[in-house]
Structure formats: C-alpha cells, structure tokens
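1. What follows is a predicted structure for the sequence shown.
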Number of protein chains: 2
Amino acid sequence: MSSPKNIPLVVVGSIGLDTIATPRERRTDLLGGSASYAGVAAAFFTRVGLVGVVGSDFDAAHLALYRRCGCDLAGLQIRDGRTFRWSGVYEENMDNRRTLSTELNVFADFAPCLPPAYRRAPFLFLANIAPALQLHVLDQMRPPRFVMADTMDLWIETARPALQRVIRRVHLLTVNESEARHLTGQRSLLAAAHRLLGWGPRYVLIKKGEHGCSLFSRRGVFQLPAYPVPDVRDPTGAGDTFAGGFIGALAAGGRVHAAALRRAMLYGSVVASFGVEAFSLDRLRRLTRRAIGQRARVFHRMLRVD
Amino acid sequence: MSSPKNIPLVVVGSIGLDTIATPRERRTDLLGGSASYAGVAAAFFTRVGLVGVVGSDFDAAHLALYRRCGCDLAGLQIRDGRTFRWSGVYEENMDNRRTLSTELNVFADFAPCLPPAYRRAPFLFLANIAPALQLHVLDQMRPPRFVMADTMDLWIETARPALQRVIRRVHLLTVNESEARHLTGQRSLLAAAHRLLGWGPRYVLIKKGEHGCSLFSRRGVFQLPAYPVPDVRDPTGAGDTFAGGFIGALAAGGRVHAAALRRAMLYGSVVASFGVEAFSLDRLRRLTRRAIGQRARVFHRMLRVD
C-alpha cells in the first residue's frame, strides 16, 4: 500500500472481533475495537490514517469497509495469528457491562510503526490502547498541533506510570466519568477534571454516556447533553465513536478554539447517537455526511436556550 | 392576613422541619418541605401565594423569611399541633438518600383552602404533596392558564388513581428520572416521557439531578445540563427549588412558549445550583436576583455551541 502525502489525522488504537450479549441479543465476532469505531467516525469529516494490527483471520471485507469509509491503511499491520478478541455482556439496563474474556493474540507483541507521511500529521488521536504503545506512537511523530488520548480502567490499574507520561504529553485527555474518578481519587467530577488539568492537558473531555459530555479547561466548562436515542441496540464503542467524530470534526476545521471544540463535541455526539442504533459498525457503514448534518441541526435546535 | 389583589402564581406543597445527615454533617429541625423550597425559589421572579400548613411550634422567623422573600401567606394555615417532620440520610456519594422517619402531624388532616384572590391566579404549581390535596386545590381554582405538578414515589405506590387524575389535569408534569420510570414501567426515559405525554400533559419535565433536566413535548425535546456546583453541601430540596425557579420565571413572563420554557429551565437550574451550596434555605435567603442573573449569564455561555 502506498502512503498518501496528506493525512490530517492519525488514529491509533485497538482493532478486534467482539462477542457481545445484550439483554435481547447475542452476536459473535463483530468488527470492533477503539480504532475501528474512532477511525470510521472521524473519516466522515477528514482523511484518517488508521494505525493498528489485525491477524491473518481478519476478514478482507472489514479492510474494504475501512477504505470505503475514508481510512488510509498504510499503517495497518496484518500479522500471522489471530486478531484480538473481546467478549462482554450488558446488564438489563444497558448501563453496566462485564468483560467475559479478552484474547490479546496479535496484539501481544504489537509495535505500531508510522508511515512517513503520518509522522507529520497535525492531529493525532491515541485511542484506547496500552499507554506504552501510545508513547511509542507519540515518539515517532513530529510534535502534532493537537494530540488527544483516551484510556481505560485496565491501564489505570496496571500501567499508571506510563499513562501519566501520556497524559503529560497530550493536549486533550478524554475519559469517562468513572475513569476520571478512578484516575484522580476525586468523587466530584469538577474536582477530578481540575486535578487532571493540573497534570498537563489543556483540555479534559469527560464522557457521561446517556448524560452527554463536559469539556473542562482552566477557563471554564462546556456541557453538552447526549442526543436522545429511542432504542439503544448496542452501546459498545459509543465513547470511541464520539471521540472519533469529535477529533475528525476538529481536524477537518484545522484550528482548535472554543467554538471549534464545541461544534466538534456536537458532531461527535451525533455520530455516536447513530452508532448505538445497531451492533458493531453496522449503522456507521450506512451513514452519510448528509444524515449527520441533518441530525446535528435537529440536535442544535434541541439545545438552544434562545 | 389580608389577601392581595394580584397573585400571578400559587404554590401548594409541604412545609416541614427536616433532620438531615450527609456524610460530613448532621442538622436538625431545618426549614424544609416542597412548598418552602419552591415558593422561595419562585419568589425571586414573581409574587407567590404560598399554600400549606404548619403547627404551633413553627418558628415565626420562618414566616418572616417567606414574607421577606416575596411570598404572600394568606393561604398558609397555622394549626394547633406539631409541624410535619422528615428525617433522611445521604449516602457517601450524595446521590442516594434514605428516609429515616416521617411524622405527618398537622399534615394528617390538612385541607388547603385558597383565599379568593388566589383562585384567579394564572399559574399554579402543585408541588409534591398527596394527590388528593392537589386535586382539592385544582377544584378551587378558576382553570389556570398553566398548571404544573410534581409528585414522589410514595404517591406512585399508594395513591396512583388520584395521581393519574392529577396528571390528566395539568399542563406540565415534572418528575425525576426514577419516578418517570416507576410511573410508566418504561426503562428508556424517552419512552417514559412519551407515555406520560399520552396521559394528558402538554409537557413532561424530567429532573436528572447533576445531569440536568429534559423537557419533552409532542414536538420534541429540550435538554439542559445542570450548572456544575463544586461543593454540594445538601441536595435536599434541589428538585423543588429547580421547579420553583422554573415556574416563577415562567409566571413572571406570563406567556408559555418554547423559548420561555427553555429560559425558565435555565433560571430554575441556576437557583437550584445556589440552593445546594448550603443546608435548608440558608443560601436562598441570602441570594439576590442580581447574583441569579450573573450565574445565568455564565451558565448560558457554558451551553452555547456557537
């Protein structure tokens, strides 16, 4: 695969095959992983360089899907062995989920290697993946204009020192509510966000699921409710989809300022609201930029005080 | 007490003395009750006729506080006996609370009786109180331009038929998330709200605590996050304060339309955000209309997408 000249946004994260049980359905070996959701969501807005690893069992149709959605795959490694697998089950209210099993497979010795064109990208999203790999990617880049990172409880528990090095080097850290509390030991979200800002990032973007998201900076906070979805079929990847839509919209504009960040949050929320309407990337693969724009206008009207 | 000619808003509900334990503090015999919080919150915006009952043990200083805040007391009964008392304890995260005891006292045989001037009021808030009493108040009024009602789990469990008669007769029903689910048996908030709209009200206003509030109508939904409060000292009465500020701001404007409803939600949230900064009405009694206006402007900037 030849590497393109111009990649505004690099997304690195996990690519996996998910087995998911909700109270109503069970589905096996679905395309998933933080890079899948975030990369495809971001690609609605800008060209994305997708960095990750899959095994030789990975369906070529998935690769075609990435490409059709606007992802460049020059940084995607296809290795001998099995693709990363994750299995989880949602409780009755769809709020809580339990991990049943994780198979690292080709992820066990993954070392991301960025194609030369990717190293000059102005925007970088370090989606949820081991902090050591996030650092390895950062080390290969000419310092990007804007770096955003996500993480998860597993790394807070098992790799806190590396995670703190990541946090010091990013412009925006995005985590969910419980991760923010877990990372900082602060119960109040406001206190947790300010503690995280003290560690280096200019922005902390906290994801609250059906309750929306909040963007904190030293200058204040912006709060956005979630777009209300009548029938959430599968919430897996909603946070990754939100983050991907957010960074994609931000990279498409090219400049980072208060209004751009707020608009990007709105677009991230809208893409995520589509994503949860079906399993895996089933809704996103059929989604159009036009449908995103329509729902964004409806959502915007839903939020206007006057 | 002489009844004034012009009462734009009547608020009926409970008045009580609360004993509250939070993880950090315990306070006894605090001024509380849905009518106290809602009436005082509403009175920042318009004149309020406060309807309720207290016992002969009720401190005259509390009556002076109501009056100083702008509440007319021609509909407040002072009866021989003890004032209603409630006692509750908050868990560590301040989200959940348990009722320890309830003493009805003078509330046991309360029959609200509206002064003549109140019967023509254009706005009526039936704050949380037994549905039979809410109906009794409604029956005394010339049909108001706008009636809003609140309720609680106790009445959903013990007085559902009367409560459903109330719901059929109001323009707006306000409940919290769990009450909406409890009332309708619907897990999805959107589904619960649409079920409630089907029972008669034009609007359903769902309170979500630290996650804000959502206003549902047949035409759509408006969502507002909560104003972030760094240090919540006592959440008791936050929902009543929100509802009071909301209906007060609405009654002050006099007209009910989408923009007025949204602005009223913003004002209700702001007054509630002050209320939780201290126990009882301690913060509200020192609050000024000017401070409300300032925080409302800050909050509005916090919400603007562009």
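-> Cool, got the structure. Residues are numbered from 1 along each chain as shown, chains lettered A, B, ... in the order given.
2. so residue A:175 bridges to which residues?
-> residue A:206 (DSSP bridges).
3. Helices along the stretch 151-300 of chain A, start to end?
-> Under the criterion DSSP state H, counting those that start in this stretch, helices of the stretch 151-300 of chain A are mapped to A:153-158, A:160-169, A:177-184, A:189-198, A:238-253, A:258-275, A:289-303.
4. Going by neighbour count, which residues in the third one are buried?
-> Okay, so that is helix A:177-184. For helix A:177-184, burial by neighbour count (16 or more other CB atoms under 10 Å in any protein chain shown) applies to A:177, A:179, A:180, A:181, A:182, A:183, A:184. In this view, the C-beta of every residue, glycine as well, is placed from N, C-alpha and C.
5. quick one: contacts of that helix?
-> With CB atoms under 8 Å, 6 or more residues apart in numbering or on different chains as the test, helix A:177-184 has contacts from A:151-153, A:156, A:175, A:186-187, A:189, A:191-193, A:195-196, A:204, A:206-209.
6. Tell me how far the residue nearest to residue A:110 when sequence neighbours are not counted lies from chain B.
-> In this structure, residue A:110 finds its nearest non-sequential neighbour in residue A:53, 4.5 Å apart by CB to CB, 6 or more residues apart in numbering or on different chains. Using CB to the nearest CB, to the nearest Å, one gets 37 Å for the distance from residue A:53 to chain B.
7. before we move on, back to that, export the buried residues of helix A:177-184 to CSV and append columns for distance to residue B:22.
-> Below are these laid out as CSV (distance: CB to CB, whole Å):
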residue, distance to residue B:22
A:177, 21
A:179, 26
A:180, 22
A:181, 19
A:182, 23
A:183, 25
A:184, 22
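8. May I have stretch A:93-101 as PDB, with CA atoms only?
-> Output of stretch A:93-101 as PDB, limited to C-alpha atoms (Å, rounded to 0.1, in the frame of the first residue of the first chain):
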ATOM      1  CA  ASN A  93     -30.400  -1.500  32.000                       C
ATOM      2  CA  MET A  94     -27.600  -1.400  29.400                       C
ATOM      3  CA  ASP A  95     -25.600   0.900  31.700                       C
ATOM      4  CA  ASN A  96     -23.200  -1.700  33.100                       C
ATOM      5  CA  ARG A  97     -21.200  -4.200  31.200                       C
ATOM      6  CA  ARG A  98     -18.900  -7.000  32.300                       C
ATOM      7  CA  THR A  99     -15.900  -8.300  30.300                       C
ATOM      8  CA  LEU A 100     -16.200 -12.000  29.900                       C
ATOM      9  CA  SER A 101     -12.900 -12.600  28.100                       C
END
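9. so who does residue A:148 touch?
-> Counted by CB under 8 Å, 6+ apart, residue A:148 has contacts A:123-126, A:170-174, A:205, A:243, A:246-247.
10. Kindly report the same for residue A:69.
-> By CB under 8 Å, 6+ apart, the residues touching residue A:69 are A:39, A:40, A:43, A:44, A:284, A:285.
11. Buried among those? Need that as a selection in PyMOL.
-> Buried residues among the contacts of residue A:69 (16+ other CB under 10 Å), as a PyMOL selection:
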select buried, chain A and resi 39+40+43+44+284
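12. so which of the contacts of residue A:69 are also by chain B?
-> The subset of the contacts of residue A:69 within reach of chain B, by CB under 8 Å from any CB of the partner chain, is empty.
13. For residue A:30, what is the enclosing helix or strand?
-> For residue A:30, the element it lies in under DSSP states H and E is strand A:26-32.
14. ok, residues contacting that strand?
-> Here strand A:26-32 makes contact (CB under 8 Å, 6+ apart) with A:15-20, A:59, A:62, A:65, A:85-86, A:234, A:236-237, A:279-281.
15. Narrow the residues you listed to those in strands?
-> A:16, A:17, A:18, A:19, A:20, A:85, A:86 (DSSP state E).
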